[in-house]
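*Asks:* Have a look at this prediction, sequence included:
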Amino acid sequence: MPVDELPPSRPHPLGVRPRAGGVEVAVLAAHAEGAWFCVLDPAGGGWEERQAELTRRTHGVWHGFVPDVPVGSRYGYRVAGRWEPVLGYRHNTAKLLIDPYARALDGPLTLRPEAFAHVVDQTFEGDTWVRDVRDSAPFVPHGVVTGRPFDWQGDAPPSVPLADTVVYEAHVRGFTRRLPGVPEGLRGTYAGLGHPAAIEHLVRLGVTTVELLPVHAIGDEPWLVRAGRRNYWGYNTLSFFAPEPRYAAASDPLDALDEVKAMVRALHAAGLEVVLDVVYNHTCEGGPGGPSLSWRGLDAATYYRLDAHGEYVDSTGCGNSLDFRQPQVIQMTMDSLRYWVEEVHVDGFRFDLAPTLARGYDGYDRDHPFLVAARIDPVVGAAKLIAEPWDLGPHGWRTGQFPPPFAEWNDRFRDGVRDFWLAGGRQVARGEQAGGVRDLATRLAGSADMFPPHRGPLASVNFVTAHDGFTLADVVAYDGKHNEANGEGNRDGTTDNHSWNHGVEGETRDAAVLGARRRTARNLLGTLLLATGIPMTTAGDELGCTQHGNNNAYALDDETSWIDWSLRPDQQAMIETTAHLLRLRRRHPVLRQDRFFAGRPVHADGTKDLAWFGPDGVEMSHERWHDPSLRTLLMYLHAVLPDGDGQHLDESLLLVVQGAGRPVAVQLPGPPWASRYTLLWDSALELPPTDGEGPVAEAGSVLTVPGSSVRVYGAATL
């Protein structure tokens, strides 16, 4: 129909929205001189393109109503305008562009020279100043018009309190690619993660919150494509709304979106939350030499942070940074976050390289408009929000500096705990002085040195491993990285691993070395799961999975990264240990504090809520805290908690951390702290107590505690 007869349209919300008789379209291209909505109809094994010019423009948004476009239609955009790379303008009508707001994508990204707005050769090298005139439509994914209803079957979020949260970081594909019980056709997919066999393991462990590595659609980097590989981790976003198609068992994009929702629904039904690892700091278009797939072709000068010469300001190490000084970028990010909560029912987000999202004109700003918007938004602000508090820009390390309700990955916890058990263990094995217990105590008590009192210990997401770095099995088996399989000459990945191989690098059959490694792994795990704060475990660590010393397996979509479920007896024991420690955490509220300990008398009998003792049962003095030779520490957690009937019950625990390389005589604190102690867990043992409890010892008893071990006692008073 003629343009003047089309129904009215609005510039907001952005994206494509079905309406009676067609779709309402709105796309930001503030510096363009023309825009077209392109519908791709199947024809003769390919696509036939229908173009509808968007003639209405409001504040840089091109919009209009396009008739005869049903749900399921494939589409993209073309825009016309200036070609002035020095100013960031890279408009090129030959390039079909993905809608930044597309809810689903169809077709793979085939990275060829045609996908670049400038001229490149077969190795993707070329002249960024010369415009390429070849059509990219056959080689890029197409957006899909969504709007099909989904039956949520009464789904409700588990709403796990922060104090009870235990995060389990996992990869959709890697978690179930080899999991027995999941049908072959569903392994490595959203449906596989939602399968009862996968959920059974998560419930058995006792985790509460599954944090998924990126499930936003992914674009592989040019250098990976040249090498015949792909980005496995997914930190290279192609769309902030559409799920990654390669993780779907379904081939139809609408079915794939429903598969994601069904996965969330199934996890919720088991009481498990879903948190998405999201990458809003950069996109897969890379630096100026990268492809033109969406944002660059539409409005690079708005979406990307550019300097006065049109060069990309890169605080991410990935070639570009989205410009969060621009309201439109904040709007897109908030719209995406709300979509995943409201339409897909996820429970929260972990923000990759979060300082980039809060960089203003003068660097990181804790009162940045994005952080304010996320905090006050009634949808996003109510979700779990976790920041990775560092990026690669100037002054990028910001641990402890994000505002509430953000929690933060605590790298000081990771490094401090590793240093105590691994660097310290190596020094002890060599007969050297290994350092004291002061930093370890700070981490166990919630890292009050990192987070202000009003944020409390629940601002700290404690971890000892993550997807990025050694696995738990590898951090006790390798002194150095072994990333040869990545094809980068072992130059990639950090060299700062805080690891210890226990005398032998990598694989060994030495029973003594293997036993020592397993004990250290249990020490690391126990320290993590018994510390104050929000613990995060990494999928596969509870199974003792190895990546053979690779600490940067981002492009290895193979057995290196996939969890191996063919378990030895010692791996079964590790699963039991993990589940036992998490049961202790659930049963003892004193392990789930929402505020920092006072460390002073707070109870009627004059006892403290937290007390520290040396191995002689005497409270720690200032001098002992600074004694670098002290390697044994007792942490008494004393809480008086209401039982619901107006009465008060003692819920006290004693942690004995023994980092010396030899057995040490330890005296258990006497009255008024306790009258007797019951052993609840001992890391020196491969398996936890079968009945949940071990031997009982009287207060004041002197026990011999083996070297390099952790014990947990329940403390009872008369």
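*Replies:* Looks like it came in fine. Residues are numbered from 1 along each chain as shown.

*Asks:* Could I have the CA atoms of the top strand by length along the chain written out in PDB?
*Replies:* Counting residues, the longest strand in the chain under DSSP state E turns out to be strand 32-43. Output of strand 32-43 as PDB, limited to C-alpha atoms (Å, rounded to 0.1, in the frame of the first residue of the first chain):
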ATOM      1  CA  ALA A  32      22.300   7.100   8.200                       C
ATOM      2  CA  GLU A  33      20.600   8.800   5.300                       C
ATOM      3  CA  GLY A  34      18.200   6.000   4.500                       C
ATOM      4  CA  ALA A  35      17.000   2.700   5.900                       C
ATOM      5  CA  TRP A  36      15.200  -0.400   4.500                       C
ATOM      6  CA  PHE A  37      13.500  -3.300   6.200                       C
ATOM      7  CA  CYS A  38      14.300  -6.400   4.100                       C
ATOM      8  CA  VAL A  39      12.200  -9.500   4.200                       C
ATOM      9  CA  LEU A  40      13.800 -12.700   3.000                       C
ATOM     10  CA  ASP A  41      11.400 -15.200   1.400                       C
ATOM     11  CA  PRO A  42      12.600 -18.700   0.500                       C
ATOM     12  CA  ALA A  43      12.800 -19.200  -3.200                       C
END
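
*Asks:* What pairs with it, parallel or antiparallel?
*Replies:* strand 46-53 (antiparallel), strand 74-81 (antiparallel) (DSSP bridges).

*Asks:* By mean pLDDT, show me the worst of these.
*Replies:* If you rank the strands paired with strand 32-43 by mean pLDDT, strand 46-53 sits at the bottom with a mean of 92.

*Asks:* Which helix or strand lies directly C-terminal to that strand?
*Replies:* strand 56-58 (DSSP states H and E).

*Asks:* Identify the residues contacting the longest strand of the chain?
*Replies:* 16, 25, 27, 29, 47-54, 62, 64, 66, 69, 73-82, 91, 93, 96, 137, 142, 298-299 (Cβ atoms under 8 Å, 6 or more residues apart in numbering). (C-beta placed from N, C-alpha, C; glycine too.)

*Asks:* can you do 7 Å?
*Replies:* 25, 27, 29, 47-54, 62, 66, 69, 73-81, 91, 96, 142, 299 (Cβ atoms under 7 Å, 6 or more residues apart in numbering).

*Asks:* Please apply the same query to stretch 672-686.
*Replies:* For stretch 672-686, contacts defined as Cβ under 7 Å, 6+ apart pick out 519, 522-523, 526, 570, 573, 580-581, 584, 605, 607, 636, 652, 654, 668, 688, 693-699, 706, 709-718.

*Asks:* Return a selection command, for use in ChimeraX, containing the buried ones of those.
*Replies:* To isolate the buried members of the contacts of stretch 672-686 in ChimeraX, using 16 or more other Cβ atoms under 10 Å:
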select :519,522,523,526,573,580,581,584,607,636,652,654,668,688,694,697,699,706,709,710,711,712,713,714,715
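
*Asks:* if you look at the contacts of stretch 672-686, which of them are in strands?
*Replies:* 636, 652, 654, 696-698, 709-716.

*Asks:* of those residues, closest to Ala117?
*Replies:* Val710 (57.2 Å; Cβ to Cβ).

*Asks:* do you know how far the closest one is from Leu525?
*Replies:* Using Cβ to Cβ, to the nearest Å, Val710 is found at 9 Å from Leu525.

*Asks:* ok now stretch 548-564, how far from the chain's centre?
*Replies:* How far stretch 548-564 lies from its chain's middle: 17 Å, per Cα atoms, centre = their mean, to the nearest Å.

*Asks:* typed the wrong thing, it's stretch 489-509
*Replies:* That offset, for stretch 489-509, works out to 23 Å (Cα atoms, centre = their mean).

*Asks:* swap in stretch 467-487?
*Replies:* On Cα atoms, centre = their mean, the centre of stretch 467-487 falls 19 Å from that of its chain.

*Asks:* end to end, how far does it reach?
*Replies:* 19 Å (Cα to Cα, to the nearest Å).

*Asks:* what pLDDT, on average, does it get?
*Replies:* 97.

*Asks:* for stretch 658-670, same thing?
*Replies:* 96.

*Asks:* mind listing what's buried in it?
*Replies:* 658-661, 664, 666-669.

*Asks:* Now Gly515. Its backbone dihedrals?
*Replies:* phi -60, psi -40 (degrees, to the nearest 10).

*Asks:* Check Val210 too.
*Replies:* Dihedral angles (degrees, to the nearest 10) for Val210: phi -90, psi 120.

*Asks:* Quick check, central residue of the chain?
*Replies:* In the chain, the residue lying closest to the centroid (Cα atoms, centre = their mean) is Asp277, at 4.3 Å.

*Asks:* Could you give the bridge partners of the closest residue to that one other than its chain neighbours?
*Replies:* Computed as Cβ to Cβ, 6 or more residues apart in numbering, the closest residue to Asp277 that is not its neighbour in sequence is Arg350, at 4.7 Å. Beta-bridge partners for Arg350, by DSSP bridges, are Asp277, Ile386.

*Asks:* tell me the contacts of Arg350?
*Replies:* Arg350 neighbours (Cβ under 7 Å, 6+ apart): 211, 275, 277-278, 386, 388.

*Asks:* now those residues as TSV including distance to Ala163 and pLDDT?
*Replies:* Shown next, in TSV, are the contacts of Arg350 (distance: Cβ to Cβ, whole Å; pLDDT from 0 to 100):
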residue	distance to Ala163	pLDDT
Glu211	17	98
Val275	16	98
Asp277	22	98
Val278	24	98
Ile386	15	98
Glu388	22	98
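
*Asks:* From the opening residue of stretch 490-509 to its closing one, how far?
*Replies:* Note: stretch 490-509 ends 26 Å apart using Cα to Cα.

*Asks:* typo on my end, stretch 700-715
*Replies:* 12 Å.

*Asks:* hmm, back to that, of the contacts of Arg350, which pair is most distant in space?
*Replies:* Val275 and Glu388, at 12.6 Å, using Cβ to Cβ across these.
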